[in-house]
Structure formats: structure tokens, C-alpha cells
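J.: I need the structure of the sequence given here:
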Amino acid sequence: MTDAAQALLHRIKTDGAVDGQIIKVDTFLNHMVDPTLMRVLAQEIAGRFADQQVDKILTAETSGIMLAQAVAEELNVPFIYAKKKKPLTMTGSYAAASYSFTKQETTTLYVSQEVLFPAERILFIDDFFAKGSTLKAIEEIVSQARAVLVGKAVIINKGVREDVHSILTMEDLR
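T.: All right, here's what the predicted structure looks like:
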């Protein structure tokens, strides 16, 4: 187990909770954020993709933003977050629907055509991977842009897709 995984597991055991598929990390990851822990997680993920020639990081609003920014800083590339509401200033956009099991709602994600271009090498970042709805929407947006998805990484993978890199899996939390 990596140092990042050990640090995260320690925080979940001391300050969080696991109840079946629900992982409570509100006090250090996705409501209040511990920047020191986030930096450790970002360094771990960035290290895994350092040789992939990533052009941009892409995440979905809101919970993936902190990790996406931290990984982007490590890789020295910009990051984009897909917005849940299309602003009036976004004239051309790529869009795809995503269902949140946590919030029990479908949201359309939007990315401006001014920030995502054909042939760019994109790394998807998020806090959790569960059923894959957000990733499916991101894959659709990347495809619409004719960009290339070179990797997928999350803090905790609750699903079974092995192509999604993670710091921890549900197995690690049992």
C-alpha cells in the first residue's frame, strides 16, 4: 500500500466512516478539504501519469475540482471542470448527461468548445468512481471534442472497472 493510500485510510478510520457503499469523508475531502492530504493524493496520481504527456485535466463540478487542481499543479497543465449549468457566456459547448446516485438526480455536464480541443490528451480526475455515470458523460464529451482520454483516476474506486486508477478501492476499506 502506498504512502498516499495509508494516509487516506488513516483519515477515513479516524475522521470518516464507511457504511456499505457510502463513504463519509466530509471533514477532509469533499466538504472541508485538508490541503496537505490533497497534495499527497495528487502527487501519487500525478506520478502514475507523468509519462502520459497529459495536455489537460478534466473533472466534473464540484467534488473533483480540488483533486483536479492539485494534480494539474503537479503535472503543470491546466484543468477544466465540466459545469452543471451552462452559463450565457458559453456559446459553443460539448454536453452529456450524468446521473448522481448520491444525489438521486440527472445533471447535464457542459464543457466549452473554447477550452477543449481535438487531439488534446486528457486525464479524467474525480473523487469517487461508483457506477460510472460521470465517467461515461466525460468520455462522451471528450469524444465530441475529438480529444483523447489517456487516463482515468479517482481517490476511491467503489466500482469494478480496473482501468480507473485509484488511491483506495472498496476492498481496501473492508
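
J.: what's around Phe117, how many residues?
T.: 12 (other C-beta atoms under 10 Å). Where C-beta positions appear, they are placed from N, C-alpha and C, glycine not excepted.

J.: Now do it against Lys24, distance only.
T.: 38 Å (C-beta to C-beta, to the nearest Å).

J.: And stretch 29-37, end to end?
T.: One end of stretch 29-37 sits 8 Å from the other (C-alpha to C-alpha, to the nearest Å).

J.: pLDDT averaged over it - what is it?
T.: Averaged over stretch 29-37, pLDDT sits at 94.

J.: Now it: buried residues?
T.: The neighbour-count check on stretch 29-37 (16 or more other C-beta atoms under 10 Å) flags 29-30, 33-34, 37 as buried.

J.: can you confirm Met90 is in a strand?
T.: No: the secondary structure assignment for Met90 gives coil rather than a strand, going by DSSP: H, G, I helix; E, B strand; the rest coil.

J.: Could you check the pLDDT of the residue nearest to the spatial centre of the chain?
T.: Nearest residue to the geometric centre of the chain (C-alpha atoms, centre = their mean): Asp126, 1.2 Å. pLDDT, Asp126: 96.

J.: Wait, it touches Gly64, no?
T.: Yes: using C-beta atoms under 8 Å, Asp126 is in contact with Gly64, at 4.0 Å.

J.: Can you name the element that comes right after the strand or helix carrying the residue nearest to the centre of the chain?
T.: Taking DSSP states H and E as the definition, Asp126 sits inside strand 121-129. The helix or strand immediately downstream of strand 121-129 is helix 133-145, counting by DSSP H and E.

J.: So Val77 is in contact with Gln53, correct?
T.: No: using C-beta under 8 Å, Val77 is not in contact with Gln53; the gap is 9.8 Å.

J.: three-state assignment of Glu162?
T.: Applying three-state DSSP: Glu162 is coil.

J.: Sorry, slip of the keys, the one I care about is Ile80.
T.: Relying on three-state DSSP, one would call Ile80 strand.

J.: Could you shift the numbering so residue one becomes 42, and keep it that way?
T.: Yep, numbering from 42; the last one is Ile121 now.
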